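**Q** Requesting a structural model of the entry that follows:
(chains A and B)
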Number of protein chains: 2
Amino acid sequence: MATLYHHPFCAQSRFLRLVLGELGLEAELIEERVWERRLDFLRMNPAASTPVYQEEQVGLVIGAMPAAEYLDETRGLALGERRLLPPDPKGRVEVRRLMDWFNGKMHAEVTGYFAHEKIFKRFMPVELGGGAPDMASIRAARANIRYHLAYIGYLHAERNWLAGESLSYADLAAAAQLSVADYLGDVPWAENEAAKHWYQKVKSRPSFRPLLSDRVTGMEPVSHYADLDF
Amino acid sequence: MATLYHHPFCAQSRFLRLVLGELGLEAELIEERVWERRLDFLRMNPAASTPVYQEEQVGLVIGAMPAAEYLDETRGLALGERRLLPPDPKGRVEVRRLMDWFNGKMHAEVTGYFAHEKIFKRFMPVELGGGAPDMASIRAARANIRYHLAYIGYLHAERNWLAGESLSYADLAAAAQLSVADYLGDVPWAENEAAKHWYQKVKSRPSFRPLLSDRVTGMEPVSHYADLDF
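**A** Numbers count the residues shown, from 1 in each chain, chains lettered A, B, ... in the order given. Modelled structure (predicted):
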């Protein structure tokens, strides 16, 4: 069986779990606390980041983007019409643009702050930067998420799914990022009906279920976190 | 003809110029100062980032990674043995890992600081964040570049090129990042002979020549910048 080194609140790891779920692939999940810099993990991935996907056929695949590309190349065709990276060049360009947007830009401006300040720092020793959240970072993330939510709403108002007429990696990347902020109650859903409607659609997929049962030790999610109709 | 919206000292744009050069593709270069947030550019790319590649067959391709994937999918096969994203799954996984490493991690830890603090801020109005460089950021970049240089040296000591036995996107991404720091005299070449030797090989390629004639207005490069044998 494949293995996924991940953290339940690393948004890029969540993206890959959604991808594996949509592909119907099972993987053993190993929780990695990257700040502990476990030597065996650093040997696998000197960047010390999650996710890392491993399967016998190819060995280690480091990073969400390389893993998504690899899984499309080796499993994508079998999905037929449901392929998550569409076959036409224009479609691929748009899905990759948005995958980059959410896994890269939204993570840097929003989700990375939330996860680091509100979750990871609870488990990090003080000497490694653990402790109380930095409120300036959280305020920045709360301001920035509004633009990302508006952009999701804008895309969804024009299209059935974010990158076009079918579910794609773009939706899974966006939903994975949002799901971390949503756990913390930091998504201002009332501001954008279209974005909320789109998220309900993604959240209802069977691939999403495992994410909805993740819990931070000692920190309950916002009450609607696991509701499909919130 | 194709068009590339770029900045001469945006390392990701430099990566794409190297890719186009290796593929023998010409593109009209349009310099974009993203901090000016030009409305027509924002309409093309709401992320307001360079590079943006445009050609008739596909329209706009936003971002270095989507453009590299697109160009491989549409032009890669014609390169035969010289293909920059190798055909075997293991090879592709490794090239993408390193492309991510240099365009993402090294940019975030090193080149982004250097370019922003030392170059872009010279041209940005004060109200948009222009002005004198922040020395703490530059010190961080100078500390971090040593690890990236050591990693390049380590990879090159094991392999002919960074990702394996042939030139790949990984080499072009790493060299593009280093070239920006090198212009500024911020690469401690004396620390790593293997990395220096590898950079000389990439720098000697015809695709690299246009980068060596780029100049920051009012700021000469370090004396060895354009020397192939430094």
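
**Q** So residue A:47 belongs to a strand, correct?
**A** No - applying DSSP: H, G, I helix; E, B strand; the rest coil, one finds residue A:47 to be coil, outside a strand.

**Q** All the helices of chain A, in order from the start?
**A** A:11-23, A:39-44, A:64-75, A:89-100, A:112-114, A:121-123, A:135-158, A:169-183, A:193-203, A:209-212 (DSSP state H).

**Q** winner for burial among those helices?
**A** Highest mean neighbour count of these: helix A:169-183, a mean of 27 (counted as mean count of other Cβ atoms under 10 Å in any protein chain shown). To be clear about C-beta, it is placed using only N, CA and C from the backbone, and glycine gets the same treatment.

**Q** would a markdown table of the helices of chain A with distance to residue B:10 and mean pLDDT be doable?
**A** Formatted as a markdown table, the helices of chain A follow (distance: least, Cβ to Cβ, whole Å; pLDDT from 0 to 100):
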| stretch | distance to residue B:10 | mean pLDDT |
| --- | --- | --- |
| helix A:11-23 | 24 | 98 |
| helix A:39-44 | 31 | 97 |
| helix A:64-75 | 20 | 97 |
| helix A:89-100 | 15 | 97 |
| helix A:112-114 | 22 | 98 |
| helix A:121-123 | 33 | 95 |
| helix A:135-158 | 22 | 97 |
| helix A:169-183 | 23 | 98 |
| helix A:193-203 | 31 | 97 |
| helix A:209-212 | 35 | 97 |
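
**Q** any chance of those helices in TSV, with distance to residue B:189 too?
**A** Shown next, in TSV, are those (distance: least, Cβ to Cβ, whole Å):
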stretch	distance to residue B:189
helix A:11-23	34
helix A:39-44	26
helix A:64-75	30
helix A:89-100	32
helix A:112-114	33
helix A:121-123	38
helix A:135-158	36
helix A:169-183	38
helix A:193-203	49
helix A:209-212	46
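
**Q** now those as a markdown table including distance to chain B?
**A** Formatted as a markdown table, the helices of chain A follow (distance: least, Cβ to the nearest Cβ, whole Å):
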| stretch | distance to chain B |
| --- | --- |
| helix A:11-23 | 11 |
| helix A:39-44 | 11 |
| helix A:64-75 | 4 |
| helix A:89-100 | 4 |
| helix A:112-114 | 11 |
| helix A:121-123 | 20 |
| helix A:135-158 | 7 |
| helix A:169-183 | 12 |
| helix A:193-203 | 15 |
| helix A:209-212 | 24 |
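
**Q** List just the one of those that sits closest to residue B:192.
**A** Ranking the helices of chain A by proximity to residue B:192 (Cβ to Cβ) places helix A:39-44 first, at 20.2 Å.

**Q** Stretch A:29-37: end-to-end distance?
**A** Using Cα to Cα, to the nearest Å, one end of stretch A:29-37 lies 18 Å from the other.

**Q** cool, stretch A:14-32 as well?
**A** 13 Å.

**Q** cool, stretch A:23-30 as well?
**A** Using Cα to Cα, first and last residues of stretch A:23-30 are 19 Å apart.

**Q** Then stretch A:122-131?
**A** Start-to-end span of stretch A:122-131 (Cα to Cα) is 6 Å.

**Q** Can you give me the distance of residue A:80 to residue A:87?
**A** Separation of residue A:80 from residue A:87 (Cβ to Cβ, to the nearest Å) stands at 10 Å.

**Q** Tell me which of those two has more neighbours.
**A** Counted by other Cβ atoms under 10 Å in any protein chain shown, residue A:80 and residue A:87 do not tie: residue A:87 has more neighbours, with 10 against 7.

**Q** Might one say that residue A:105 is in contact with residue B:46?
**A** No - under the criterion of Cβ atoms under 8 Å, residue A:105 makes no contact with residue B:46, lying 10.0 Å away.

**Q** More neighbours: these two, which one.
**A** Using other Cβ under 10 Å as the criterion, residue A:105 and residue B:46 rank with residue A:105 on top: 19 against 13.

**Q** what residues are up against the more buried one?
**A** Residues in contact with residue A:105 (Cβ atoms under 8 Å, 6 or more residues apart in numbering or on different chains) are residue B:47.

**Q** Likewise for the one 4 residues further on?
**A** By Cβ under 8 Å, 6+ apart, residue A:109 lies in contact with A:140, A:141, A:144, A:148.

**Q** And residue A:133, by the same measure?
**A** Applying Cβ under 8 Å, 6+ apart, we find residue A:133 in contact with A:117, A:118, A:121.

**Q** Nearest to residue A:8, out of these: which one, please.
**A** residue A:118 (13.8 Å).

**Q** Tell me the spacing between that closest one and chain B.
**A** As judged by Cβ to the nearest Cβ, to the nearest Å, residue A:118 and chain B stand 21 Å apart.

**Q** what's the burial count for that residue?
**A** 21.

**Q** That one and residue A:141: what is the separation?
**A** 9 Å.

**Q** just residue A:211 next, same as before
**A** Distance from residue A:211 to residue A:141, by Cβ to Cβ: 20 Å.

**Q** Residue A:116 now?
**A** 10 Å.

**Q** Hmm, residue A:121 and residue A:129 touching each other?
**A** Yes - contact criterion Cβ under 8 Å: residue A:129 and residue A:121 qualify, at 6.9 Å.

**Q** Which residue is the nearest non-sequential neighbour of residue A:38?
**A** Using Cβ to Cβ, 6 or more residues apart in numbering or on different chains and skipping residues adjacent in sequence, the residue nearest residue A:38 is residue A:32, 7.1 Å away.

**Q** mind listing what the one you found touches?
**A** By Cβ under 8 Å, 6+ apart, the residues touching residue A:32 are A:5, A:6, A:7, A:38, A:41, A:50, A:52.

**Q** how is chain A carved up into domains?
**A** Here the domain parsing of chain A from automatic domain parsing is A:2-82, A:89-206.

**Q** does residue A:13 really touch residue A:27, like I thought?
**A** No - using Cβ under 8 Å, residue A:13 makes no contact with residue A:27, being 11.0 Å away.

**Q** So for the two, which residues contact both of them?
**A** Shared contacts of residue A:13 and residue A:27 (Cβ under 8 Å, 6+ apart): residue A:4.
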